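> The following comprises the amino acid sequence and a computationally predicted model.
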Amino acid sequence: MTFPQRAIGAARLEVPVFEEVEADRAATGQALLVVVLSSLAAGVGLSGVYDAPALHRVMLALLLWVFWAIATYVVGVYLMPEPETKSNVGELLRTIGFAASPGILRIFGILPLIGGILYAISTVWMLVAMVVAIRQALDYRSTWRAAVVCVMTGVIGVVMAALFGALLFLLAEEVVF
């Protein structure tokens, strides 16, 4: 399966795509590319809502994903595993990396009038893909367990990214003055 087929398949929530990228160690770079593209799209798409330099918005989106991924591994593997849960960092990063593929559509957040709605829809779509990715990567039988892990770790990621965002803001203020 090609990179675009994987990205589209992940956006379509196709379980076999998540299973394929989970098993394919060579897909790690592709997953990283999806995360970077999604973060760039988020940074651009938030331009009308979040008044910060574009680089800061992109960095925050990328940091959010990194913190979310780390928290997902810790919570999913060590705090809330099912008996069948067997995963490693690479498997999880690949699956949730591809789950970010709907986030590429967040670039349309820059459109007047409908941008905010499109941004929100693509973000929710990405969250649903994240639940599917977590379920597959952690070998969960329960989608609800994957959703709980996704929400818990998403909150952790947002808090951590907000703290880093505040730090970036403070550092930027120090440099200006």
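Here it is on my side, so go on.

> Which residues are in contact with the closest residue to Met130 other than its chain neighbours?
Distance criterion C-beta to C-beta, 6 or more residues apart in numbering; nearest residue to Met130, sequence neighbours excluded, is Ala99 at 4.4 Å. Just so you know, the C-beta spots here come from the backbone N, C-alpha and C atoms, and that holds for glycine as well. Ala99 makes contact with 10, 18, 126, 129-130, 132-133 under the criterion C-beta atoms under 8 Å, 6 or more residues apart in numbering.

> Next, format those residues as JSON lines and append secondary structure and distance to Thr153.
Compiled in JSON lines, those are given as follows (DSSP: H, G, I helix; E, B strand; the rest coil; distance: C-beta to C-beta, whole Å):
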{"residue": "Ala10", "secondary structure": "helix", "distance to Thr153": "18"}
{"residue": "Phe18", "secondary structure": "helix", "distance to Thr153": "17"}
{"residue": "Met126", "secondary structure": "helix", "distance to Thr153": "14"}
{"residue": "Ala129", "secondary structure": "helix", "distance to Thr153": "15"}
{"residue": "Met130", "secondary structure": "helix", "distance to Thr153": "9"}
{"residue": "Val132", "secondary structure": "helix", "distance to Thr153": "15"}
{"residue": "Ala133", "secondary structure": "helix", "distance to Thr153": "12"}
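
> In CSV: the residues you listed, plus neighbour count, pLDDT and distance to Gly29.
Shown next, in CSV, are these (neighbours: other C-beta atoms under 10 Å; pLDDT from 0 to 100; distance: C-beta to C-beta, whole Å):
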residue, neighbour count, pLDDT, distance to Gly29
Ala10, 27, 97, 15
Phe18, 25, 97, 17
Met126, 22, 95, 20
Ala129, 25, 97, 19
Met130, 28, 96, 20
Val132, 23, 97, 21
Ala133, 29, 97, 17
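
> Show me which pair in these is furthest apart.
Phe18 and Met126 (13.7 Å; C-beta to C-beta).

> residues making contact with stretch 149-159?
Here stretch 149-159 has contacts from 64-65, 67-68, 71-72, 75-76, 80, 127, 130-131, 134, 138, using C-beta under 8 Å, 6+ apart.
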